[in-house]
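In: build the 3D model from these lines:
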Amino acid sequence: MRAKVIRYYRFGEPNEVLLVEEKEILPPGEGEVNVRMLARPINPSDLIPVRGAYSHRTLLPAVPGFEGVGVVEAVGSGVSHHMLGRRVLPLRGENTWQEVVKTSARHAVIVPDEICDETASQIYINPVTAWLICNRMLHLTYGNTLIVNAGGSAIGRVFAQLSKIIGFRMIALTRSDRHTADLLRLGADVIVNTTKEQLQERIMTITEGRGADAAVDCIGGTDGEQLVSCLGQSGMLISIGLLSGITPLWHELTRGTQVQVKLFWLKHWVERCSQEEWTQVFNEVMTLIRAGQLVMADTSENYELTNVHQAAAAAEAGLKGKILLRSWR
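Out: Model prediction:
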């Protein structure tokens with residue numbers, strides 16, 4: 001049996017380098033499952049590697065896509081047949097922009113029936129990243145102040161909701177006023193439009209000269225660099241993305257200060273964490289989602305997997321809501 005797969009053999013613009021191909025579906029090996037994908041969101045982190053921002057750690061040819069939801073259609077030896085037909089998030093296996101993904105059964109996270117495909121497909125990258133940063137890295141609590149750039153993005157909206165749940169103060173940085181009302185409704189305390197205001201001056205006014213306790217940089221480049229001067233004396237900056245494609249020279253920017261910079265890659269956490277921690281984090285995030293406290297981005301458009309060029313263009317057009325690559329049952 002064969003299945004569709006999206007591949008790229010060189011770095012470049014998605015509409016130029018992404019190819020629709022076919023692959024042979026091999027039976028799952030011992031401890032593995034084959035998952036027939038249903039929905040995959042298009043995140044900036046899916047397209048940034050296609051353009052070559054992480055060329056040093058991207059082995060070509062490559063398949064894009066780091067998250068999505070699907071149904072287990074085959075199990076290997078040693079895997080319970082009760083997994084068959086279950087909806088799962090196939091993590092730490094093959095990338096998701098293909099019809100069938102193989103992964104280890106222990107890394108197939110079962111999705112509760114109450115969570116729809118559209119929401120389930122978005123549970124991994126943004127919610128888990130934001131939850132880990134807030135609770136495991138920064139240990140944010142009442143009285144803390146966190147700055148997040150790309151505030152209007154999907155992950156920015158997750159941080160805004162977590163600020164209400166956990167109780168810290170979030171300052172969301174945006175480049176457009178169109179996100180302001182939504183971010184305030186979700187839980188952000190202050191919105192700063194960086195195209196209209198001097199960032200450092202505004203942050204110091206908001207924090208009464210103390211600076212923020214921490215910042216999350218989703219952009220890199222000068223946008224990320226500016227955050228260093230907005231932090232308090234022992235502030236911490238977490239770098240999670242390179243929307244700009246430019247890596248700041250953090251060691252130079254923090255020289256002579258007590259500001260710490262840490263890089264966070266969800267993939268590394270997944271590789272290193274114990275099964276117990278893995279299970280706990282996903283249970284915590286799914287509990288918030290099932291309770292309606294944490295809401296994923298609405299879907300703006302659905303595209304068949306084979307219409308990947310149109311889907312990628314729509315995702316980068318900045319439409320409100322998430323673009324999904326679908327494979328219907």
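In: low-confidence stretches in the protein?
Out: Counting by pLDDT under 70, the chain shows low-confidence ranges at 319, 329.
In: top helix in it by residue count?
Out: Among the elements of type helix in the chain, defined by DSSP state H, the one spanning the most residues is helix 275-290.
In: for that one, list every residue counted as buried.
Out: By 16 or more other C-beta atoms under 10 Å, the buried positions in helix 275-290 come out as Trp278, Val281, Phe282, Val285, Met286, Leu288, Ile289. Using the backbone N, CA and C atoms, a C-beta is placed for each residue, glycine as well.
In: can you name the residues in contact with it?
Out: Outside helix 275-290, the residues that touch it by C-beta atoms under 8 Å, 6 or more residues apart in numbering are 106, 109, 111-112, 114-115, 119, 123, 127-128, 131-132, 165, 270, 273, 294-296.
In: again, only using 6 Å
Out: By C-beta atoms under 6 Å, 6 or more residues apart in numbering, the list of residues contacting helix 275-290 from outside reads Val109, Glu114, Pro127, Val128, Trp131, Leu294.
In: about what we covered before: got JSON lines for the buried residues of helix 275-290, with distance to Leu140 too?
Out: Putting the buried residues of helix 275-290 into JSON lines (distance: C-beta to C-beta, whole Å) gives the following:
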{"residue": "Trp278", "distance to Leu140": "21"}
{"residue": "Val281", "distance to Leu140": "16"}
{"residue": "Phe282", "distance to Leu140": "20"}
{"residue": "Val285", "distance to Leu140": "16"}
{"residue": "Met286", "distance to Leu140": "21"}
{"residue": "Leu288", "distance to Leu140": "15"}
{"residue": "Ile289", "distance to Leu140": "20"}
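In: out of these, which comes closest to Leu253?
Out: Compare each of the buried residues of helix 275-290 with Leu253 using C-beta to C-beta and the shortest gap goes to Val281, at 30.6 Å.
In: hang on, the earlier thing: narrow the contacts of helix 275-290 to those in strands?
Out: Mapping the contacts of helix 275-290 onto strands (DSSP state E) picks out Val109.
In: as CSV, the contacts of helix 275-290 with distance to Gly245 and neighbour count would be great.
Out: CSV is the format used below for those (distance: C-beta to C-beta, whole Å; neighbours: other C-beta atoms under 10 Å):
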residue, distance to Gly245, neighbour count
Val109, 31, 21
Glu114, 39, 9
Pro127, 25, 25
Val128, 24, 23
Trp131, 26, 21
Leu294, 29, 24
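In: so of the contacts of helix 275-290, which ones are in helices?
Out: Counting by DSSP H, the members of those that fall within helices are Trp131.
In: quick one: contacts for Gly292?
Out: Applying C-beta under 6 Å, 6+ apart, one finds that Gly292 lies in contact with no residue.
In: then Pro248?
Out: If you count contacts by C-beta under 6 Å, 6+ apart, Pro248 has them with Gly220, Gly224, Glu225.
In: cutoff 8 Å now
Out: Contacts of Pro248 were listed using C-beta under 8 Å, 6+ apart, and they are Asp217, Gly220, Gly221, Gly224, Glu225, Ser239.
In: and it, that's in a helix?
Out: No: secondary structure of Pro248 (DSSP: H, G, I helix; E, B strand; the rest coil): coil, not part of a helix.
In: does Met61 really touch Ile6, like I thought?
Out: Not Met; residue 61 is Pro. No: shown here, Pro61 and Ile6 do not form a contact pair, counting by C-beta atoms under 8 Å, at 10.5 Å.
In: more neighbours, these two?
Out: When Pro61 and Ile6 are compared for neighbours, Ile6 comes out ahead with 26 against 12, by other C-beta atoms under 10 Å.
In: hey, where'd the helices end up in this protein?
Out: 14-17, 44-47, 117-120, 129-132, 154-166, 180-186, 199-206, 221-228, 250-253, 266-272, 275-290, 308-316.
In: coming back round to it: most neighbours among the contacts of Pro248, which one?
Out: Within those, most neighbours by other C-beta under 10 Å means Asp217, with 29 neighbours.
In: and the nearest residue to that one once chain neighbours are set aside, how far from Val158?
Out: When the adjacent residues along the chain are set aside, Asp217 lies closest to Gly224, with 3.9 Å between them (C-beta to C-beta, 6 or more residues apart in numbering). Separation of Gly224 from Val158 (C-beta to C-beta, to the nearest Å) stands at 19 Å.
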